[in-house]
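In: requesting a structural model of the entry that follows:
(one chain, ligands or ions: 2)
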Amino acid sequence: MKEIVLAKYGEMVLKGLNKQTFENMLVKNVKRRLKSLGNFRLVSTQSTLYITPEDDGTNLEEVVERVGKIFGIATLCRACVCEKDFSDITEKSIEYLKDILSEVKTFKVNAKRADKTFPMKSPEICAELGGILLSRFDNLSVDVKNPEITVTVEIRDTNAYVHGENIKGAGGLPVGSSGNAMLMLSGGIDSPVAGYMMAKRGVRITAVHYVSPPYTSDRARLKVEQLCEKMTDYCGGIAFYCVPFTEIQEAIKDNCPEVYFTVIMRRLMMEIAQRIAENDNCQALITGESVGQVASQTMQAITCTDAVCRMPVFRPLVGMDKTEIIEIARKIDTFDISTLPYEDCCTVFTPRHPKVRPLLADVEKAQNAFDFELLIKKAVENTEMKTFNYQG
Ligand code: ATP
Ligand code: MG
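Out: Ligands and ions are numbered 1, 2, ... in the order given. All right, here's what the predicted structure looks like:
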């Protein structure tokens with residue numbers, strides 16, 4: 001029996017004139033994601049992408065697994081390809097769905113007739129096929145309101161397709177359809193989740209990470225690279241910038257009051273991130289901050305950090321609890337990497353008593369004790385870039 005995968009579009013079906021742009025982007029993303037699994041014919045019609053394998057023995061389970069992580073797709077399923085002939089549809093439905101139909105108690109048939117030249121109308125297909133399945137499987141009865149399984153028959157231009165339940169897709173909008181943003185990626189739990197959430201809204205992610213050797217180790221950097229690689233499952237390719245931050249942190253320590261170390265460090269991180277962002281066509285910054293989580297994430301501290309920003313800063317976790325964030329981190333499989341025990345530059349020279357509610361004027365005064373411009377330029381110049389691509 002020949003099988004294909006049907007992927008139904010999510011929110012982008014609501015788009016007006018530029019819907020085509022979204023579709024094209026999604027098809028491109030799917031193509032890239034499936035490349036290493038063989039050749040496929042991709043046809044986009046009526047808010048559905050028909051993914052037909054062109055080789056024998058294609059691993060459809062893996063196709064579903066990969067497509068299930070592509071943003072822009074609301075639901076997906078495997079479907080059996082039939083002739084546009086009612087007896088073939090009946091035979092194949094029984095054969096294709098026999099395991100599940102023998103297990104459940106209630107079902108209904110749902111028919112969609114895109115090809116209006118097909119001689120039976122949708123209600124007729126439902127009634128006829130429903131009747132046949134009822135007589136074939138003793139365990140079944142019809143429940144149109146709340147069936148355990150819905151058998152769907154779609155009559156389209158070249159073929160008919162039969163399938164059971166849909167699986168939930170990744171939702172959101174195709175990556176790339178909402179522009180590019182620079183994710184400040186630490187090795188922690190929060191920032192990879194923040195990147196995932198913005199990618200879900202169609203944003204292509206570029207990552208920036210600050211290292212302070214010898215205070216932070218190579219292993220800490222490798223851990224962040226590992227996170228980047230993992231994130232490509234959902235985000236697609238990610239350009240990764242690694243910024244040497246030691247001299248700046250030492251300059252803060254030597255020249256600024258200890259209570260302001262963290263907030264000044266964060267302002268300098270933001271400044272560097274946006275300079276790299278401006279050079280790499282990114283229109284916004286993303287952080288994993290959540291209000292009240294730590295001293296640098298109070299409203300007053302965020303006010304001080306944002307004061308240096310010339311572009312919007314997205315904080316998709318802003319209203320989330322740690323437990324909710326962890327739940328997503330587990331889902332996207334970054335949690336185990338994030339909880340590896342290596343140090344982050346944020347933990348270098350942490351003040352014993354940071355100002356929890358800093359005032360912007362005081363922070364600016366404290367920061368002005370030293371001219372960081374040369375060090376900022378040097379850090380940007382010595383930043384290393386590396387690209388992580390989806391590893392199929
Ligand atoms: P996370 O779990 O993402 O590390 P956190 O709760 O530990 O966040 P902070 O350490 O205060 O919070 O960092 C807040 C945000 O600043 C992070 O979510 C991340 O976006 C950014 N950030 C922190 N450290 C770094 C770093 N070394 N490189 C890049 N960005 C960083
Ligand atoms: Mg952290």
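In: since we're on whatever residue of the stretch 101-250 of the chain ends up closest to ligand 1, how many residues are nearby?
Out: Proximity of the stretch 101-250 of the chain to ligand 1 (C-beta to the nearest ligand atom) peaks at residue 188, 2.1 Å away. (Each C-beta comes from the backbone N, C-alpha and C, glycine too.) Residue 188 sits with 18 neighbouring residues when counted by other C-beta atoms under 10 Å.
In: SS state for the residue of the chain found nearest ligand 2?
Out: Closest contact between the chain and ligand 2, by C-beta to the ion, is at residue 188 (3.2 Å). With DSSP: H, G, I helix; E, B strand; the rest coil as the basis, the three-state label of residue 188 is coil.
In: follow-up on the earlier one: where's the nearest residue to the residue of the stretch 101-250 of the chain closest to ligand 1 once chain neighbours are set aside relative to residue 297, distance?
Out: For residue 188, ignoring the flanking residues on the chain, the nearest one in space by C-beta to C-beta, 6 or more residues apart in numbering is residue 338 at 5.9 Å. Noted for residue 338: a distance of 17 Å to residue 297, by C-beta to C-beta, to the nearest Å.
In: now swap in residue 185 and tell me
Out: 17 Å.
In: more neighbours: which of those two?
Out: Applying other C-beta under 10 Å to residue 185 and residue 297 shows that residue 185 carries more neighbours, namely 29 against 21.
In: the more buried one contacts residue 228, doesn't it?
Out: Yes: applying C-beta atoms under 8 Å as the test, residue 185 and residue 228 come out as touching, 7.0 Å apart.
In: mutual contacts of those two, please.
Out: Residues touching both residue 185 and residue 228 (C-beta atoms under 8 Å, 6 or more residues apart in numbering): 207, 240.
In: quick one: secondary structure of the residue of the chain most remote from its centre?
Out: Taking C-alpha atoms, centre = their mean, the residue of the chain most remote from its mean C-alpha position is residue 135, at 44.5 Å. Under three-state DSSP, residue 135 falls in the helix class.
In: in contact with it, which residues?
Out: Neighbours of residue 135 in contact, by C-beta under 8 Å, 6+ apart: none.
In: same thing with residue 237?
Out: Contacts of residue 237 (C-beta under 8 Å, 6+ apart): 387, 388, 389, 390.
In: what do you get for residue 286?
Out: For residue 286, the contacting residues are 181-184, 191, 194-195, 198, 203, 205, 313-316, by C-beta under 8 Å, 6+ apart.
In: those into TSV, with extra columns for pLDDT?
Out: Putting the contacts of residue 286 into TSV (pLDDT from 0 to 100) gives the following:
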residue	pLDDT
181	98
182	98
183	98
184	98
191	97
194	98
195	98
198	98
203	98
205	98
313	97
314	98
315	97
316	98
